[in-house]
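1. how would this look folded up:
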Amino acid sequence: MLLAFPRQVVHIDALCLLGDAPQHLEMRDGELLLAEPETIVGYTRS
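-> Okay, the predicted model is just below:
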């Protein structure tokens with residue numbers, strides 16, 4: 001796996017597309033460290 005920011009914590013702040021509620025994620029090396037709220041659901045198209 002190619003990582004853009006190895007060994008660094010990446011913070012992602014976004015709004016929910018359905019309700020404009022704030023969401024916050026923290027990840028490091030592809031591992032999810034924090035998700036607020038805990039009930040975040042993600043969708044991807046492949």
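2. so what pLDDT did Pro37 get?
-> For Pro37, the model assigns a pLDDT of 92.
3. any idea how far it lies from Pro22?
-> 9 Å (Cβ to Cβ, to the nearest Å). In this view, the C-beta of every residue, glycine as well, is placed from N, C-alpha and C.
4. Where does pLDDT dip in the protein?
-> 1 (pLDDT under 70).
5. Sticking with the closest residue to Leu34 other than its chain neighbours, tell me its helix or strand.
-> Among residues not flanking Leu34 along the chain, Glu26 sits closest, at 4.0 Å (Cβ to Cβ, 6 or more residues apart in numbering). Secondary structure assignment for Glu26, by DSSP states H and E: strand 22-28.
6. Name the residues of that strand that come out as buried.
-> Of the residues in strand 22-28, Gln23, Leu25, Met27 count as buried by neighbour count, 16 or more other Cβ atoms under 10 Å.
7. Surely Leu25 touches Glu38?
-> No - with contacts defined as Cβ atoms under 8 Å, Leu25 does not count as touching Glu38, sitting 11.2 Å away.
8. Each with direction, which strands does the helix or strand following the strand holding Glu26 pair with?
-> Using DSSP H and E, the next helix or strand after strand 22-28 towards the C-terminus is strand 31-36. Based on DSSP bridges, the pairing partners of strand 31-36 within the sheet are strand 22-28 (antiparallel).
9. wait, doesn't Ala35 sit right on Leu25?
-> Yes - with contact defined as Cβ under 8 Å, Ala35 reaches Leu25; the gap is 5.6 Å.
10. Output the buried residues of strand 22-28 as a markdown table; include the columns distance to Phe5.
-> Output for the buried residues of strand 22-28, formatted as a markdown table (distance: Cβ to Cβ, whole Å):
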| residue | distance to Phe5 |
| --- | --- |
| Gln23 | 20 |
| Leu25 | 14 |
| Met27 | 9 |
